[in-house]
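# Generate coordinates for the sequence data below:
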Amino acid sequence: MSDLTLNELAAVDVWEASPDGMLLVDNLGVIRAANGHAHSLFGVEDDGLIGMTVEDLVPLEVADTHAALREGFDAEPRRRSMGAGRGLAGRRGDTTFPVSIALSPLADANLTLAAVRDMSETEATEQRLVEATRRRLLAEDHERIARDLHDTVIQELFALGMSLQATLPFVTEEEIARRIDGSVSTLDDVILSIRTLIFDMASGPSRDNSGLRARLVEIAATFTPSLGFEPAVTFRGPIDSGVPQVHHDHLAAVVREGLANVARHADASSATVSIILSDGTVTIRVSDDGRGLPERAGRRSGLANLVDRALEVGGTCEVAGDPDGGTLLRWSAPIE
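Numbering: from 1, shown residues only. So this is what the prediction gives:
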């Protein structure tokens with residue numbers, strides 16, 4: 001194109017060839033011109049954007065705020081990106097989509113040029129990266145804990161068992177010898193349980209994405225946007241190998257409903273999901289530091305469903321104020 005100058009390019013061709021939706025907006029927020037990509041972006045037929053206001057293209061709940069921001073820009077117009085860090089969204093019919101907007105005032109024409117880009121694919125890629133990072137950190141943490149358990153705890157327990165066994169030849173009282181022998185057997189069982197836990201941590205969610213641990217972590221992660229923070233998830237016991245498949249959907253429902261209630265009602269700044277497998281019982285605790293139980297409970301169909309699930313497997317479900325503040329949901333069931 002060395003022999004083709006910008007003056008020889010038709011302005012309309014450049015306008016329509018832009019990879020972004022292009023809008024020309026006056027100081028009242030009325031759209032005076034829009035290219036074809038802008039119409040496609042917002043799902044409006046050809047020339048349908050002309051005469052609309054930019055507030056017609058943003059989510060209804062932020063339209064008033066957007067108008068105030070636009071007036072602020074008109075008071076001090078300059079070339080810049082709009083709403084950096086605010087998570088801007090456009091409206092397409094009844095749906096919204098993430099956007100990036102760059103503004104450039106045309107002082108002589110008393111107009112502003114706005115370039116709008118759909119960020120859906122970029123946001124999805126970033127979310128996948130966040131999830132991949134989360135999984136990597138979870139796998140590394142599991143590996144570290146498993147290594148510490150194997151190199152330290154198991155070895156110390158094994159040494160203790162050997163020491164107890166070495167004392168047996170010197171014990172003359174039958175009852176004491178019987179107790180020592182029982183303690184050695186108990187240590188063997190503890191070592192076996194720890195080895196099972198190590199196997200779960202090493203070969204569960206870090207190896208594939210089908211384990212119960214991975215499923216519950218994934219459910220909890222989906223509530224991060226609605227909660228405004230990332231809920232903590234802790235496990236105790238061989239969850240992947242010790243919880244029967246028949247319980248998996250129940251546990252997933254408890255985590256989902258518990259965090260949904262925190263997001264809807266608690267106004268909390270933190271929440272913790274604990275899954276515990278001990279003494280033939282699996283227990284889930286969902287706690288938060290929010291406002292606690294309301295004085296007058298409204299519809300509780302979700303909690304009633306959790307109670308039904310608990311009764312179905314011979315378990316219990318209860319919700320109460322947490323002694324440390326907030327609310328505590330506790331769901332437990334016996335396992336084979």
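
# Report all helices and strands that the lowest-mean-pLDDT helix or strand in the chain contacts.
Ranked by mean pLDDT, DSSP states H and E, the weakest helix or strand in the chain is helix 120-148, scoring a mean of 76. Under the contact criterion of 3 or more CB pairs under 8 Å, 6 or more residues apart in numbering; DSSP states H and E, helix 120-148 touches strand 95-106, helix 174-203, helix 212-222. Glycine gets a C-beta too; all of them are placed from N, C-alpha and C.

# and the first one, which strands flank it?
Spelled out, it's strand 95-106. Paired strands of strand 95-106, with direction, are strand 80-81 (antiparallel), strand 89-92 (antiparallel), strand 111-118 (antiparallel) (DSSP bridges).

# Take the ones you listed and lay them out in TSV including mean neighbour count, mean pLDDT and distance to residue 334.
Shown next, in TSV, are the strands paired with strand 95-106 (neighbours: other CB atoms under 10 Å; pLDDT from 0 to 100; distance: least, CB to CB, whole Å):
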stretch	mean neighbour count	mean pLDDT	distance to residue 334
strand 80-81	12	83	57
strand 89-92	18	91	47
strand 111-118	19	92	51
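
# can you list contacts of the helix or strand that comes right after the least confident helix or strand of the chain?
The helix or strand immediately downstream of helix 120-148 is helix 155-167, counting by DSSP states H and E. With CB atoms under 8 Å, 6 or more residues apart in numbering as the test, helix 155-167 has contacts from 180, 183, 184, 187, 188, 190, 191, 194.

# Check what pLDDT the fifth one gets.
The model reports residue 188 with a pLDDT of 82.

# In contact with it: list those residues for me.
By CB under 8 Å, 6+ apart, the neighbours of residue 188 are residue 161.

# Check the last one too.
For residue 194, the contact set (CB under 8 Å, 6+ apart) comprises 149, 153, 154, 157.

# Selecting buried members of these in PyMOL, what would you type?
To isolate the buried ones among the contacts of residue 194 in PyMOL, judged by 16 or more other CB atoms under 10 Å, type:
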select buried, resi 149+154
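
# where does the protein dip in pLDDT?
Counting by pLDDT under 70, the chain contains low-confidence residues at 1-10, 83-86, 133, 137, 141, 199-210, 294-301.

# For it, which residue occupies the most central location?
Compute the mean C-alpha point of the chain, and by CA atoms, centre = their mean the closest residue is residue 221, 2.3 Å away.

# still on that earlier bit, which positions within the least confident helix or strand of the chain qualify as buried?
Of the residues in helix 120-148, 135, 138, 139, 142, 146 count as buried by neighbour count, 16+ other CB under 10 Å.

# Stretch 46-63 too?
Buried residues in stretch 46-63, counting neighbours by 16+ other CB under 10 Å, are found at 49, 52, 53, 54, 55, 56, 57, 58, 62.

# circling back to that earlier point, compute the distance between the residue nearest to the centre of the chain and residue 255, please.
Separation of residue 221 from residue 255 (CB to CB, to the nearest Å): 11 Å.

# Over to residue 151?
Taking CB to CB, one finds residue 151 at 32 Å from residue 255.

# try residue 305
For residue 305, the distance to residue 255 equals 13 Å [CB to CB].

# Counting neighbours, go ahead and name the busier of these two.
residue 255 (24 against 14; other CB atoms under 10 Å).

# Which elements pack onto the host helix or strand of that one?
Residue 255 belongs to helix 245-261 when assigned by DSSP H and E. Helix 245-261 sits against helix 212-222, strand 271-278, strand 281-288, helix 301-312, strand 327-334, with contacts defined as 3+ CB pairs under 8 Å, 6+ apart.

# And the following helix or strand past the longest one, what's buried?
The reference is to helix 301-312. Using DSSP H and E, the helix or strand that follows helix 301-312 in sequence is strand 316-321. For strand 316-321, burial by neighbour count (16+ other CB under 10 Å) applies to 317, 319.

# what does stretch 248-264 give?
Neighbour-count burial for stretch 248-264, with 16+ other CB under 10 Å as criterion, is recorded at 250-259, 261-263.
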